[in-house]
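**Q** Predicted structure and sequence below. I'll ask about it afterward.
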Amino acid sequence: MKDSNCGNYVPTANSRRDFLRQTGLGMGTLAFGTMVSEYMVSDAHAEVMANLKPRKAPLAAKAKHVIHIFAGGAPSHLDTFDPKPKMKELADMSASGMNGVLFPTPFEFKKSGKSGLEISEIFPKLQGVADEMCVIRSLHQDLPAHGPAAKLMHTGSAILSKPSLGAWVLYGLGTESQDLPGFVSLGGSSDARASAFLPSLFQGASTSFRPGAPANKIIANLQSEFTTQDAQRKQLDLVRQLNERHMQTVQKDEQLEARIESFELAFRMQTAATDAFDISKESEKTREMYGKSDLGAKLLCARRLVERGVRFVQVDAGGWDHHTNLFTAIAGKAEAIDGPAAALIADLKQRGLLDQTLIIWGGEFGRTPTTAGRVNAASGRDHHGKAFCCWMAGGGVKGGMHYGETDEIGSQVAADGVDVHDLHATILRLLGFDHTKLTFRYNGRDFRLTDNFGKVVDKVIA
Amino acid sequence: MNRHQNMLRLLPVIAALGSTAMLCAADAPAEPKMDPAGLEFFEKNIRPIFTERCYECHSKEKGVSKGGLIMDSRAGMLAGGDLGPAVVPGDIKKSMLIVAVHQTDPDLSMPPRKAGAKLSTTQIAALEQWIKMGAPAPAGAGGAKLTGLSDKARSHWAFQPVREFAVPTKLSNAAWCQNEVDAFLLAKLDEKGLKPSPATDGESLLRRLSYDLIGLPPTSVEVDAFSRDYDAALAMDNMAARKGQAGRSVNAVVERTVDRLLASPHYGERWARHWLDTARYSDTKGLKRNGTIETFDASWTYRDYVIDAFNTDKPYDQFIIEQLAADRLPDLAKDDARLAALGFITVGKRFQNNDDTIDERIDATTKGFLGLTVSCSRCHDHKFDPIPAADYYSLHGIFASIIEPQQNPVVRDPLLVGKNAPTNAYRADYEKKLAELINTTAGGYYKHLAGMQAAYHREFAPRALSALSGGFRSTAGFDILKKFDMGDSRELGTSFAGSMNRPDHPITGLLVRLKKVSPDNFEKQAPAIIEAALADKKIPVNPLVADGLRGLKPKSLEEVAFAYQAMFKKNRDKIVAHIQLRSQPGRKGDKDDPSVAQLAAFPWPLPNIEDISTVSLLERATTSRDFCESWQLPIAATFVNNNMPAKYFKFSDINALDITHPGGPGTAMVVTDVEKPRDSYVYIRGDRNKRGPVAPRQFLEVLAGPDRLPFYEGSGRRELALAIASRTNPLTARVLVNRLWMHHFGVGIVTSPDDFGNMSEAPSHPELLDWMATTFVEGGWSIKKMHKKILLSAAYRQSANPNTNPLVVQKASVDPMKIDAANKLLWHANLRRLDFESIRDSMLLLSGKLDRALGGRAVNISDEPYSYRRTIYGFIDRDKLSEFQSQFDFADPNMANSTRGSTIVPQQALFFMNNPLAVEVARNVNARPEMTKASSDDERVTQLYRIMYQRSPTVQERQIAREFVARIAGYIDEPPVSPKADKVAKARADKAAKAKAAAAVATKASPEVKIETSVQGGKIVNNAEKVDRKVPSNPWVMLAQSMVCSNEFVYLN
């Protein structure tokens, strides 16, 4: 009974050796195994999951990759994707239970695309791809403080050290390109790439990507500063020779073989990753399309990574904490992401990758419908967790729709609330997982991303 | 707060475990027979409601029982959840289900709002009718709530007393056995018809022993000597075996080596690291202050204590007691080194909410010493183990009854003695720097205050008026600020609305009272009110305020406020002088005019400089109620948060000095009991605001028995420690010997070393586990003795190669690969990859650079410029492990994690291939005298093999190496460094030299004082040179580096 995973999605093999035989390890094709640990409650299961080989999700699903654009700082929902036309007349009026006065958005919303999805004028380019976007207007959470809320968004837990969304996805799906890390984070906090109790091979690779930075230094230790690649190739040939001799004298063993293979992968990664991070290889037209800004470069890089099989790309796109001067500040932030995000959607679509790539944009909570003081140019919005929004595109979500409603001033969820666990459950479902069954046993408990919570929002799934 | 989404809850209910429900199937009560009409009513009217609106969260079938409630069986509803029965047949009022669906109690409203609308009136009526009918429902498949409070859970082997098993004697090959350990192992192998593998060779055995005990490889000379003795002894033992006798010669050889290694001071470093994984050791708190990581002042003293405890073979029971209650030991000296043991409690992650910190401590204590996941019982009874929530709160009371003192005691560091101890020059240098920092920067807080106050007092009138109207967040308050053209400078006026609620306040009370007078009558009434107030002895008004207001005939409140403002202006000089006085050490301002003192402490109180002269004191001062009232806190917090400390009070500099300067005193991070220890209440569902019954401070019922007595001595920590460290405790000894076993064999007898509960896998060798536990306790809880027992077994000596096993060799019908592929029965040794520490330490040792000094403050072990200290002395940031640490499976220091993973990823390979450390090690290996003195390439290869692999190369290996050197030489004849690159490198080097010079000036070290580290950007940085990039790797360097990359280097076979 204790070994039973009871319907949880953990592929089986009769034994570690059977598994390795089935997957042809003897040919030196794969296997980054983790060999000894307490999560090996059931050896065969743990062995299968504790590697990065691509695996099929248990449920039918379109999304195979994720690009999570994290708009840290908590963007206002009221000025971006949740229109509240009736608030116009309520400017400067007080609202019960709230500090300050009501602050209607200074921006116009436009019914965009064939679908008529309403998007603020600060996103003119996203308006152009509205039919691909699905806005969730009814997100809510209880802890509108940046640190815990961001941690909650990334890991499903506001306080404890838990694996990040990307780590869970990598654990569930493995990755298609063994020459690149399966989970790459382009900036952001360590929470966003944490593997916590999952084996460390599922953690996000930390990068120092920025436009113009040498592509071979984006990942630590990516290339040698002490020798040429040719010489290094000879060196690795020697290492292989030493290792094969060692294996002959010691024993033939899959760990040893896996480690030999890891050096070959590392060697290929030197070129593959340098190439993937080198956005200068894109055509001028494409560079223009994304814009030559920091975010343009990051999203273009994200596309290059996904195109090469990377499973999960975490993009840091923060700076949305607009307590004051919202009018100019949010317009600036919006402009910075609008072009790149619209380009990403269009570009993935034209390459036929949008269907299998889930793009998520959103922050950790929303902002108050009110401003401190009076409505004027300096007005801003404070933290607000009871209602906020995000959007998704591609990866099998229904485009051109919004889900959920907030009340007339965007203060509370009025219908179809979606909490962070629900969002996570939905993301996992889009990738082909029942979130209650993607589990990992640690210290006597089967943990999951959504803890005990989470409800899939079926209506956003195409 | 929505009960369905209490995110602060730690480790809540386990869901989605189809299997777990089976645990309690046996406990379901029998269900009465139901009449068919009632059942029909249920199926028609009730079940649809449940299916649609309830089962999502309360269904055994779905494996969810939020709040402990299951509704897809009648028994489940009758048993109810954490709040009591959901359904009481026939009684609507007592049925919580009905209360919940009416949604009149905001804390008990179902279905939850986010799950859609309230049930319709018709639906509620149907439910009421159904309950009146006696709640008929079909017999379900059991389904009381998931719980570990069952006899079955209690009967789990780990909760039973340790049994005394006779050492097996009926064995297939008694001569193989070197000691009892072998007898137990062989008995299990015999059951399956398996045989042990033959002994491994001397070289690999010595490597195993050396890494296992001191975490470092042997030298080639040691290997030679050992192998010689070992081979000879093996021959003798084989001879004995042929005569059917048990040979003991190898044993004697191994024992000598084990004794030598156990006596090495590096043994403590190796084994302390294992314990620190369990003790979730970190140098940082896991809290951030405005983006800056908070560092403990002296976590390293705990680490040193642990090293010393292992080196001196401190009896484990004593080790436990000291870690939980060293402060309550008899005969405790003031600077007793044992006080540092309390770091076990204090080096854990800190949380904003103290209940979370307590929870973390309960978790570390119970997992660490008992292998129990007690913190699962924070919100409900444990789902699998017999640990009721009440037991959790018994421990909660203990940890809630302790505090950390304002000033930690300075203790002796047992490792920093003799020539290791800091010299007087170091001490003097530290004292000098500390005094400088306090003098030049602690005073900054007063400057800051004086500046803030000047601004506040200067604009008192508009700010006070705004605050009286609700502050800038209110419309009225904001309009006032605007009226007086205060622009957007909101900060100063922001948080003082709270101060304007007190009519008895000696300074602003009068203003508060006058605010209540209607503006129309103000002119008429105000003067009399002022006069009366000034005369009222019961509510004294500050004399300087009184002077300013006396005789005032104000027409409006505004005028009064401006009178205040004038008064502040008039007294400005006195206020400034007072603040200046207070910033001097030893001046409490008590001789000053109290009325001036009062003004100077408004609106921000003035601390005594002594009270803010250390980091922890400043933190306490700026966050505690003693220092200021809650409405004043924000300004103090803002001061600390908004980088002002960096500008004025360099508290981070003092912290930096403490964690880097070897001359500083080592303090113990202790706890003490509060004056009045108190029992905690059970928090229903972990919610502090929902109090259940009192949980007396006492030990866990499953271990202490039903007759347990509450603790009475202080917080009860010492009694808790004694209960844990008791010979009759069934878990303590088992858990410890299992960890020892795990570190020697790769896998524990119980595979989950921190969880021995019902969810753990059954032990592979329960009899052996109990025998070892008994032997351990009887041997005076000596860990070193236990090591010897394990390491002197024949089992430990087995070859790691399964193909050497006699059954495999003979291709016998019994195939061990089929019977026990996972090697649970240990028919061969396990191939093991070195852990993070062993890899790095070996690299340094072989390069001839390892710094063997014991103890002291943390260094940076991950980044350039590199340190040559052992890895255990590396700085650990629990929020952000270095890439190096995390890529090599360092244990997450946020909770007890006694096992390490052993992953293989290309990033590790990239480290060995490209990281400057790998290159530097290869360079240093080549710079060793053995290498430079070598007279031929052949000899050089031989020396390289002896250094790196501690063995001589074969002829073929020598040839491969020579060929490699020749091949590479062809590639790097041309200097690959272009003139341009050289220039860049030079510029870089110059810049680095400048930075270094600047740093040297900044630290102003006296000549005889060398300080190894500094803090830069909140990170420990070694004061050393970076690896030189200018010289490309030559063929010999690349050869040595290849060996660092190789499997032979990182695997133990």
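**A** Thanks, I have it. Residues are numbered from 1 along each chain as shown, chains lettered A, B, ... in the order given.
**Q** who touches the nearest residue to A:Pro369 once chain neighbours are set aside in this structure?
**A** Closest residue to A:Pro369 apart from its sequence neighbours, by Cβ to Cβ, 6 or more residues apart in numbering or on different chains: A:Ile409 at 4.2 Å. (C-beta placed from N, C-alpha, C; glycine too.) Contact partners of A:Ile409, counting by Cβ atoms under 8 Å, 6 or more residues apart in numbering or on different chains, are A:Lys84, A:Lys86, A:Met87, A:Leu90, A:Ala95, A:Leu102, A:Pro369.
**Q** Now list the buried members of the residues you listed.
**A** Buried subset of those (neighbour count, 16 or more other Cβ atoms under 10 Å in any protein chain shown): A:Lys84, A:Met87, A:Leu90, A:Ala95, A:Leu102, A:Pro369.
**Q** From those residues, pick the one nearest B:Asp863.
**A** Nearest to B:Asp863 out of these is A:Pro369 (Cβ to Cβ; 46.4 Å).
**Q** contacting residues around that closest one?
**A** Under the criterion of Cβ under 8 Å, 6+ apart, the neighbours of A:Pro369 are A:Leu78, A:Lys84, A:Met87, A:Ala95, A:Met98, A:Leu102, A:Phe103, A:Arg381, A:His384, A:Ile409, A:Gly410, A:Ser411.
**Q** Give me the contact list for the helix or strand harbouring B:Val258.
**A** Using DSSP states H and E, B:Val258 sits in helix B:249-263. Helix B:249-263 is contacted by residues B:178, B:199, B:205-206, B:209-210, B:213-214, B:226, B:229-230, B:232-234, B:236-237, B:240, B:267, B:784, B:787-788, B:791-792, B:797 when judged by Cβ under 8 Å, 6+ apart.
**Q** I figured B:Asn542 hits B:His505, correct?
**A** No: at 9.2 Å, B:Asn542 does not count as touching B:His505 under the criterion of Cβ atoms under 8 Å.
**Q** Would you agree B:Pro462 is in contact with B:Asp479?
**A** No: judged on Cβ under 8 Å, B:Pro462 makes no contact with B:Asp479 at a distance of 10.8 Å.
**Q** could the contacts of A:Ile409 go into CSV alongside secondary structure and pLDDT?
**A** Formatted as CSV, the contacts of A:Ile409 follow (DSSP: H, G, I helix; E, B strand; the rest coil; pLDDT from 0 to 100):
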residue, secondary structure, pLDDT
A:Lys84, coil, 96
A:Lys86, helix, 93
A:Met87, helix, 94
A:Leu90, helix, 91
A:Ala95, coil, 82
A:Leu102, strand, 94
A:Pro369, coil, 96
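**Q** which among the contacts of A:Pro369 gets closest to chain B?
**A** Set against chain B, the nearest of the contacts of A:Pro369 by Cβ to the nearest Cβ is A:Met98 (9.6 Å).
**Q** Looks to me like that closest one is in a helix.
**A** No: judged by DSSP: H, G, I helix; E, B strand; the rest coil, A:Met98 forms no part of a helix; its state is coil.
**Q** Report pLDDT for it.
**A** Listed pLDDT for A:Met98 reads 83.
**Q** Spatially nearest residue to it (excluding sequence neighbours)?
**A** Excluding the flanking residues, the one nearest A:Met98 by Cβ to Cβ, 6+ apart is A:Thr370, at 5.0 Å.
**Q** Specify the beta-bridge partners of the one you found.
**A** A:Leu102 (DSSP bridges).
**Q** Is it correct that it is in contact with A:Phe103?
**A** Yes: in terms of Cβ under 8 Å, A:Thr370 counts as a neighbour of A:Phe103; the distance is 5.6 Å.
**Q** overlap in contacts of these two?
**A** Counting by Cβ under 8 Å, 6+ apart, the common neighbours of A:Thr370 and A:Phe103 are A:Arg381.
**Q** Tell me which of these two has more neighbours.
**A** Between A:Thr370 and A:Phe103, counted using other Cβ atoms under 10 Å in any protein chain shown, A:Phe103 has the larger neighbour count: 30 against 25.
**Q** which residues touch the nearest residue to the more buried one once chain neighbours are set aside?
**A** Spatial nearest neighbour of A:Phe103, excluding adjacent residues (Cβ to Cβ, 6+ apart): A:Thr371 at 3.9 Å. Contacts for A:Thr371 were tallied using Cβ under 8 Å, 6+ apart; they are A:Gly100, A:Val101, A:Phe103, A:Leu326, A:Ser379, A:Gly380, A:Arg381.
**Q** Neighbour count for B:Asn542 and B:His505, which is higher?
**A** Neighbour count, other Cβ under 10 Å: between B:Asn542 and B:His505, B:Asn542 has more, with 22 against 19.
**Q** ok so, going back, give me the next element, helix or strand, following the helix holding B:Val258.
**A** As assigned by DSSP H and E, the chain's next helix or strand after helix B:249-263 is helix B:265-278.
**Q** what separates that following helix from the chain centre, distance-wise?
**A** 16 Å (Cα atoms, centre = their mean, to the nearest Å).
**Q** Could you measure from the residue of the stretch 201-350 of chain B found nearest chain A over to A:Pro144?
**A** Residue nearest to chain A within the stretch 201-350 of chain B: B:Lys288 (6.8 Å; Cβ to the nearest Cβ). Using Cβ to Cβ, to the nearest Å, we find B:Lys288 at a distance of 17 Å from A:Pro144.
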